[in-house]
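Visitor: One predicted model, sequence on top.
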Amino acid sequence: MENDANPNPALIQPMDQNVIQNIKLGYRKLLLTTILNDPLHNENLEKTQTNVNLKDVVFSLANCWASVPTLLISKSWKNLLPNFIDSEVEENVHTEEIQLASLINQLQNTNPMSNTEVLQWAAEADGSLARNKILTGDEIIRSVTAEDDDDDDDVTPANPIKFSHSEAGAALSTSLQWAEEQNFEAHGNYAPQTFKRPRI
């Protein structure tokens with residue numbers, strides 16, 4: 001089989017990926033900070049994580065995007081527009097390293113992690129996201145409806161409870177008595193005068 005690896009990755013991803021990495025690391029920092037700020041984070045970590053809703057995620061991502069320096073965004077275009085950025089300005093750009101290790105070590109008391117381990121963890125998270133297939137809207141709808149169809153097949157009919165005629169008559173009698181006590185007025189075909197008390 002022929003090797004499909006491209007020796008020039010700049011043709012595949014022409015823009016510098018530091019902006020995206022900066023946003024991802026910033027989001028992870030905000031997520032860990034949110035979890036640590038929750039007073040219940042020591043009691044139940046999973047419960048604390050489920051308390052983060054979609055609105056929190058969107059606002060966190062917006063804050064991360066707002067914190068990306070303009071110069072870093074400009075620098076990301078250097079592969080497409082080489083004359084866009086002066087070399088002097090490029091030398092002065094310093095990417096901010098986000099210290100996630102201290103936040104993770106606060107979160108887990110058992111195994112402290114170094115900054116290197118945290119950055120490796122963040123890179124692995126990016127790798128796992130890359131392995132997941134990104135679905136289009138139509139594919140999502142098809143997969144959900146297929147799951148719904150499968151769920152319908154799995155439903156086994158419950159054993160119907162059988163009532164005797166006397167139990168059904170007693171239930172109807174009790175229902176009519178309740179309706180009379182409540183001055184219940186039904187409309188249409190279910191008006192009280194259309195029913196007669198069964199003789200049992």
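Guide: Alright, I've got the coordinates. Numbering: from 1, shown residues only.
Visitor: S60 against R28, yeah?
Guide: No: the pair S60 / R28 is not scored as a contact, 9.7 Å apart, by CB atoms under 8 Å. Glycine gets a C-beta too; all of them are placed from N, C-alpha and C.
Visitor: any idea which helix is longest in this structure?
Guide: What stands out as the longest helix in the chain, according to DSSP state H, is helix 18-37.
Visitor: could you pull out the helices for this structure?
Guide: 9-12, 18-37, 45-50, 54-67, 70-75, 87-91, 101-107, 115-131, 137-154, 165-181.
Visitor: CA atoms only: put the last one into PDB for me.
Guide: Right, helix 165-181. Extracted in PDB, the C-alpha atoms of helix 165-181 (Å, rounded to 0.1, in the frame of the first residue of the first chain):
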ATOM      1  CA  HIS A 165     -65.600  -8.200  36.100                       C
ATOM      2  CA  SER A 166     -66.400  -7.600  39.700                       C
ATOM      3  CA  GLU A 167     -63.100  -5.700  40.300                       C
ATOM      4  CA  ALA A 168     -63.800  -3.600  37.200                       C
ATOM      5  CA  GLY A 169     -67.300  -2.800  38.300                       C
ATOM      6  CA  ALA A 170     -66.100  -1.900  41.800                       C
ATOM      7  CA  ALA A 171     -63.500   0.500  40.300                       C
ATOM      8  CA  LEU A 172     -66.100   2.100  38.100                       C
ATOM      9  CA  SER A 173     -68.500   2.500  41.000                       C
ATOM     10  CA  THR A 174     -65.700   4.100  43.100                       C
ATOM     11  CA  SER A 175     -64.800   6.500  40.200                       C
ATOM     12  CA  LEU A 176     -68.400   7.600  39.800                       C
ATOM     13  CA  GLN A 177     -68.800   8.100  43.500                       C
ATOM     14  CA  TRP A 178     -65.700  10.200  43.500                       C
ATOM     15  CA  ALA A 179     -67.000  12.300  40.500                       C
ATOM     16  CA  GLU A 180     -70.300  12.900  42.300                       C
ATOM     17  CA  GLU A 181     -68.500  14.000  45.500                       C
END
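Visitor: how about stretch 50-63: buried residues?
Guide: S60 (16 or more other CB atoms under 10 Å).
Visitor: Now do stretch 20-34, average pLDDT.
Guide: Stretch 20-34 comes out with an average pLDDT of 86.
Visitor: Kindly apply the preceding question to stretch 63-77 instead.
Guide: Stretch 63-77 comes out at a mean pLDDT of 81.
Visitor: Quote the end-to-end distance of that stretch.
Guide: Terminal residues of stretch 63-77 are spaced 22 Å apart (CA to CA, to the nearest Å).
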